[in-house]
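Asks: Sequence and predicted structure below; questions after.
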4 protein chains.
Amino acid sequence: MTPSPARRGELLATAAEVFAAQGYNATTVRKIADEAGMLAGSLYYHFDSKESILDEILSTFLDELWQGYDEVLAAGLGPRETIEALVTESFREIDRHRAAVAIYQKESRHLAKQERFAYLVESQQKFEKAWLGTLERGVAAQVFRSDLDIRLTYRFVRDTVWVAASWYRPGGQHSPEEIARQYLSMVLDGIAVRT
Amino acid sequence: MTPSPARRGELLATAAEVFAAQGYNATTVRKIADEAGMLAGSLYYHFDSKESILDEILSTFLDELWQGYDEVLAAGLGPRETIEALVTESFREIDRHRAAVAIYQKESRHLAKQERFAYLVESQQKFEKAWLGTLERGVAAQVFRSDLDIRLTYRFVRDTVWVAASWYRPGGQHSPEEIARQYLSMVLDGIAVRT
Amino acid sequence: MTPSPARRGELLATAAEVFAAQGYNATTVRKIADEAGMLAGSLYYHFDSKESILDEILSTFLDELWQGYDEVLAAGLGPRETIEALVTESFREIDRHRAAVAIYQKESRHLAKQERFAYLVESQQKFEKAWLGTLERGVAAQVFRSDLDIRLTYRFVRDTVWVAASWYRPGGQHSPEEIARQYLSMVLDGIAVRT
Amino acid sequence: MTPSPARRGELLATAAEVFAAQGYNATTVRKIADEAGMLAGSLYYHFDSKESILDEILSTFLDELWQGYDEVLAAGLGPRETIEALVTESFREIDRHRAAVAIYQKESRHLAKQERFAYLVESQQKFEKAWLGTLERGVAAQVFRSDLDIRLTYRFVRDTVWVAASWYRPGGQHSPEEIARQYLSMVLDGIAVRT
DNA sequence: AATGAATGAGACTTCATTCAT
DNA sequence: AATGAATGAAGTCTCATTCAT
């Protein structure tokens, strides 16, 4: 007999998978229910609405993400080490919450317009502050190049990490840590051979 | 009986803008019509269906993209120069077809399942062949690092370029060529200061 | 297997209150259960259906009402005294069954169409016979005015009494008997000062 | 070819009729559409929602009602004449808007809780002020009896008039003015023969 | 070229009801 | 007696699409 919170969790995972695969709008509540082996109406015993399912998926993910990030940011590491830790943590989150990350990527921009999803905007601002700040510290400390537009660099690093969610499959040949290592190597040192 | 091509073009541009901002599924035909200053039904004088609007936006974009790419690929450049030319050309396309690129990014994966959009799959395959091939040539020629997983590198470079469409605004402070130059600098040489 | 009659009675009272406040159709079985401190499904241990709850509320009320009315009608009073007694009895019923009366007022018309609630029609016919008959006797006996349309008078007196259920609150400053006295005074003698 | 406002008006009248007959909640949007000879979805070309149909029915009715009432109240009549004019005006409104009045009677109490229908509360307050005030003036001027509870009298007169909507059928044997005359006669002078 | 009105399929949601525990 | 979870029918609403004008 599965107790209630476990069932909710299962349903959320199922829903996240479907949202990620088809897009939130293109996903019907019936599709989720089918996947969960129940009727569409039955979902409403567990959740208020389709939107609240989405909400719970995203907020749960962001809560966990920030737990990891905050720990890193509080550790007092140097700029380069901070970037390395954040990227590694990010790939771990992608590993754990692949579906949620994919949804976040695809939907957050237009969801952010809604009152209910205001926390997406907040999160994105904290995000920017953390990364951009670290990069700036690194430039000041002459760890990162100063000849690049810093905002461009920020976007480059940020995108570089998160787009991975669109093709990443948990249980593939590379562990999240290995992918992080290679990504960091490219981002930090480039793909060209040094001459 | 054939409606004026100029009007069609305007309507396609309007539709692309709305699709990019809200997502294809979340965009109603009425929203497009509103934006174009007409009623929803009137769009059907110009187009067969909502889907055919999307189709025309994407295929027009890809046609132009491949015109540029094919020219680059036919020029007989070295691997590094080819990558540089492809990236630059890509940013030019983003500049010209920002909305179409954004739509492509968000929707191509699930559209590709439909017969009608089979060309998206073809294009993506040609794409992979061009980039991956160039990277392999580069590794062989000892221009690019050989210690990295080549598919990871491919995804890294590819995504890194195209996600830019999600934040790029034509007419901003950097020209597409300038952005390309900085991106290339990061991708090729990394963001870390050389020691 | 028969649940306790006391619990049934409480639940019926609770349900009646909610039906009266929100209307039968607008009342969900869950709302009743909430009010009773149980879950919706649990009501079905006590009752067959939502409709049977309504049925029991109304039929219980009408049974009691007719007990009182029949006593009055059997007492062999004169027409004026009969009207006085019926009105007084009516206000006593409103005092005892306020919710049921309010429901009856609002829902009886369309419920009457259903087989199950045929007794509402019967009751209404007996009702009309009792009141209209008494009024006619009164006109014949020159106790009531003969210059008025008798059906209009009937409706006037009937409605005037029962609508009171919509604002009456048990335990207010006037007893049912006092309200009956004032109503009768208005109905019989009018509100204008005699000249 | 019926121009748009006329069509709206027809649909509103149809909807009002159905709402009055079956109750707002028990009325399905499909029933209204059937009655209007269209499909359920088609109603949404003309109206935002089922609720907005109800809103428009009620507010249109109240607007017209208050136009009539305000004229009466501004005429500077004595208390008895004011009551007579208000009652007559009320029966005229019942004649014109029978369905709307019936809906108002049945639904206004619980609708009033919603923000959107706040005007029902306002109207009801103006209503009370107009009638109660007139009655008080009449008592002071010794035109109405002073031995009755004035609020009871107010409810008596108010209910007396409006419940008529529940049985009134336009085009019956009595004109609204004739019904008003008889009601006023009962209310003012009572139904008992004077001795 | 465009409007106004409607269609019809299908979406999300509600809710009375059932039933194993 | 009551819970927790689910069913299934039905309800409101949305939206791409059609078509006479």
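Replies: Structure received.

Asks: going forward, measure contacts and count neighbours with C-alpha atoms only.
Replies: Fine.

Asks: The closest residue to A:Phe19 other than its chain neighbours: neighbour count?
Replies: Leaving out its chain neighbours, the residue that sits closest to A:Phe19 by CA to CA, 6 or more residues apart in numbering or on different chains is A:Thr27, at 6.1 Å. Applying the criterion other CA atoms under 10 Å in any protein chain shown, we find 17 residues in the vicinity of A:Thr27.

Asks: My read is that A:Thr27 contacts A:Ala16, right?
Replies: No. Judged on CA atoms under 8 Å, A:Thr27 makes no contact with A:Ala16 at a distance of 10.3 Å.

Asks: Could you check how far the residue nearest to A:Phe19 is from A:Asp34?
Replies: Distance check for A:Thr27 against A:Asp34: by CA to CA, to the nearest Å, it reads 12 Å.

Asks: got it, and A:Tyr45?
Replies: 15 Å.

Asks: and the strand or helix carrying A:Glu35, does that touch DNA strand F?
Replies: According to DSSP states H and E, A:Glu35 maps onto helix A:29-36. No. No part of helix A:29-36 sits near DNA strand F under the criterion CA under 7 Å from any atom of the strand; the closest distance found is 7.9 Å.

Asks: Off-centre distance for the next helix-or-strand element following that helix?
Replies: Using DSSP H and E, the helix or strand that follows helix A:29-36 in sequence is helix A:43-46. Relative to the mean C-alpha coordinate of its chain, helix A:43-46 is positioned 26 Å out (CA atoms, centre = their mean, to the nearest Å).

Asks: And for stretch A:45-62?
Replies: So, by CA atoms, centre = their mean, the centroid of stretch A:45-62 is 16 Å from its chain's centroid.

Asks: Extract the C-alpha trace of that stretch and format it as PDB.
Replies: Coordinates of each C-alpha in stretch A:45-62 appear next as PDB, following Å, rounded to 0.1, in the frame of the first residue of the first chain:
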ATOM      1  CA  TYR A  45      -8.000  13.900  -6.500                       C
ATOM      2  CA  HIS A  46      -4.300  14.600  -6.200                       C
ATOM      3  CA  PHE A  47      -3.900  18.000  -7.800                       C
ATOM      4  CA  ASP A  48      -5.900  21.100  -8.200                       C
ATOM      5  CA  SER A  49      -5.200  21.600 -11.900                       C
ATOM      6  CA  LYS A  50      -2.800  20.900 -14.700                       C
ATOM      7  CA  GLU A  51      -1.100  24.100 -13.900                       C
ATOM      8  CA  SER A  52      -0.500  23.200 -10.300                       C
ATOM      9  CA  ILE A  53       1.200  20.000 -11.400                       C
ATOM     10  CA  LEU A  54       3.500  22.000 -13.500                       C
ATOM     11  CA  ASP A  55       4.000  24.400 -10.600                       C
ATOM     12  CA  GLU A  56       4.900  21.600  -8.200                       C
ATOM     13  CA  ILE A  57       7.400  20.100 -10.700                       C
ATOM     14  CA  LEU A  58       9.200  23.300 -11.300                       C
ATOM     15  CA  SER A  59       9.200  24.600  -7.700                       C
ATOM     16  CA  THR A  60      10.400  21.300  -6.300                       C
ATOM     17  CA  PHE A  61      13.300  21.300  -8.800                       C
ATOM     18  CA  LEU A  62      14.300  24.900  -8.200                       C
END
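
Asks: Any buried residues in that stretch, and which?
Replies: By neighbour count, and taking 16 or more other CA atoms under 10 Å in any protein chain shown as the criterion, the buried residues in stretch A:45-62 are A:50, A:53-54, A:57-58, A:61-62.

Asks: Could I get the residues you listed in CSV, plus columns for secondary structure and distance to B:His97?
Replies: As requested, the buried residues of stretch A:45-62 are arranged in CSV below (DSSP: H, G, I helix; E, B strand; the rest coil; distance: CA to CA, whole Å):
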residue, secondary structure, distance to B:His97
A:Lys50, helix, 33
A:Ile53, helix, 34
A:Leu54, helix, 31
A:Ile57, helix, 33
A:Leu58, helix, 31
A:Phe61, helix, 33
A:Leu62, helix, 32
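
Asks: out of these, which one sits closest to DNA strand F?
Replies: Minimum distance to DNA strand F across the buried residues of stretch A:45-62 is 12.7 Å, recorded for A:Lys50 (CA to the nearest atom of the strand).

Asks: Count the residues that sit near the nearest residue to the closest one once chain neighbours are set aside.
Replies: In this structure, A:Lys50 finds its nearest non-sequential neighbour in A:Val29, 6.7 Å apart by CA to CA, 6+ apart. Look at A:Val29: counted by other CA under 10 Å, it has 20 neighbours.

Asks: repeat for the one 4 residues further on
Replies: One way to gauge burial is a neighbour count; for A:Ala33, by other CA under 10 Å, it gives 18.

Asks: Let me see the contact set for it.
Replies: For A:Ala33, the contacting residues are A:39-40, A:42-43, by CA atoms under 8 Å, 6 or more residues apart in numbering or on different chains.

Asks: Quick one: name the residues of chain A near DNA strand E.
Replies: Where chain A comes near DNA strand E, counting by CA under 7 Å from any atom of the strand, the residues are A:25, A:27-30, A:40-42, A:44, A:48-51.

Asks: from those residues, which two are the most distant?
Replies: The widest separation within those, taken as CA to CA, falls between A:Asn25 and A:Ser42 and amounts to 19.8 Å.

Asks: More neighbours: those two, which one.
Replies: When neighbours are counted by other CA under 10 Å, A:Asn25 and A:Ser42 differ, and A:Asn25 comes out ahead with 15 against 11.

Asks: Quick check: phi and psi at that one.
Replies: phi -70, psi -40 (degrees, to the nearest 10).

Asks: Show me the helices in chain A, by range?
Replies: With helices called from DSSP state H, chain A shows them at A:4-22, A:29-36, A:43-46, A:50-73, A:79-96, A:98-111, A:118-140, A:150-162, A:176-189.

Asks: Switch these over to a markdown table; also include mean pLDDT.
Replies: Putting those into a markdown table (pLDDT from 0 to 100) gives the following:
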| stretch | mean pLDDT |
| --- | --- |
| helix A:4-22 | 94 |
| helix A:29-36 | 98 |
| helix A:43-46 | 97 |
| helix A:50-73 | 98 |
| helix A:79-96 | 97 |
| helix A:98-111 | 94 |
| helix A:118-140 | 97 |
| helix A:150-162 | 93 |
| helix A:176-189 | 96 |
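
Asks: Of all the ones you listed, which one comes closest to C:Ala85?
Replies: Distances from C:Ala85 to each of the helices of chain A were compared using CA to CA; the minimum, 52.7 Å, belongs to helix A:43-46.

Asks: ok, the closest one near chain C or not?
Replies: No. Helix A:43-46 lies apart from chain C when judged by CA under 8 Å from any CA of the partner chain; the minimum separation is 12.2 Å.

Asks: before we move on, back to that, hey, what's the angle from the helix holding A:Glu35 to helix A:4-22? Just curious.
Replies: In terms of direction (axes from the mean of the first three to the mean of the last three CA atoms, to 10 degrees), helix A:29-36 departs from helix A:4-22 by 120 degrees.
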